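Trainee: Give me coordinates for this.
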Amino acid sequence: MAEYGSVVLKTAVFATGDRKLAEDVSQEVFVRAFKSWPNFRRESSAKTWLTRITLNVGRDLSASRVRERPTDPALLATAQARGPDQVAGRLDHMGVLPHLMALPAAYRQALFLHYYLDLDTKEIARATRVAEGTARARLHRGRRRLRESLLKGGWNGEATR
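Mentor: Have a look, this model is predicted:
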C-alpha cells in the first residue's frame, strides 16, 4: 500500500470521477490484492496488476451505484493532483482536463494510463485486458479526439487562469 497507494487512488479517481467512490475502490483493491497475492503470476508488474484490479473494481462499484458525473473539473483535478507530478492539476490549469474527461471511457483510460502512470501499450493492454493492438489504437484515437476537441474549443496550449 505504501508503494502503490497513490497510484491506485489516482487511477480510481480518474476511472470513477468520484473521490468518495475512489476511496472505496482503493480499499477494495488492496483487500482483493492481499487475498490474491499468492496467485499473482508475475506476468506483469505489480503496478500493472493493481491497475487492472483498480479498473475492474471501479467498473463494478460504479455500475452498482447511481451517481452523478462531477460538474466541476477543478474538484476532480484537486483529488488527482496529490503526488509529485500533479499532472491533473496542470491539465486543469491548461484547460485540458474538461476535454479529456469528455472523451469516451476507453480513450480516456488509455491516455491516463500512458501519460499519467507511464504504462506502455503492452502494460495498458494487460491492465485493461485487451489486445496490444487495441490498446495502441485506443491511445492513437484518444490523442486524435483530444486534439480535435481542444482545437474546436479554441485551445492554444496556454494556461486558462
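
Trainee: Residue 104: neighbour count?
Mentor: Number of residues near residue 104 (other C-beta atoms under 10 Å) recorded here: 11. All C-beta spots, glycine's among them, are computed from the backbone N, C-alpha and C.

Trainee: Quick check, pLDDT for it.
Mentor: Looking at residue 104, its pLDDT is 91.

Trainee: show me the residues around it that make contact.
Mentor: residue 145 (C-beta atoms under 8 Å, 6 or more residues apart in numbering).

Trainee: Show the subsequent helix or strand relative to the helix or strand containing residue 8.
Mentor: Per DSSP states H and E, residue 8 falls inside helix 5-16. Scanning forward in sequence from helix 5-16 by DSSP H and E, the next helix or strand is helix 19-36.

Trainee: buried residues in that next one?
Mentor: 19, 21, 22, 24, 25, 26, 28, 29, 30, 33 (16 or more other C-beta atoms under 10 Å).

Trainee: Only C-alpha atoms, please: export it in CSV.
Mentor: Output of helix 19-36 as CSV, limited to C-alpha atoms (Å, rounded to 0.1, in the frame of the first residue of the first chain):
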residue,chain,number,x,y,z
ARG,A,19,-13.4,11.0,-4.9
LYS,A,20,-15.5,9.1,-2.3
LEU,A,21,-16.2,6.2,-4.6
ALA,A,22,-12.5,6.1,-5.5
GLU,A,23,-11.6,5.8,-1.8
ASP,A,24,-13.9,2.8,-1.6
VAL,A,25,-12.4,1.3,-4.7
SER,A,26,-8.9,1.8,-3.3
GLN,A,27,-9.7,-0.1,-0.2
GLU,A,28,-11.4,-2.9,-2.1
VAL,A,29,-8.4,-3.1,-4.5
PHE,A,30,-6.0,-3.8,-1.6
VAL,A,31,-8.3,-6.3,0.1
ARG,A,32,-8.5,-8.2,-3.2
ALA,A,33,-4.8,-7.9,-3.9
PHE,A,34,-4.0,-9.2,-0.4
LYS,A,35,-6.3,-12.2,-0.9
SER,A,36,-5.0,-12.9,-4.4
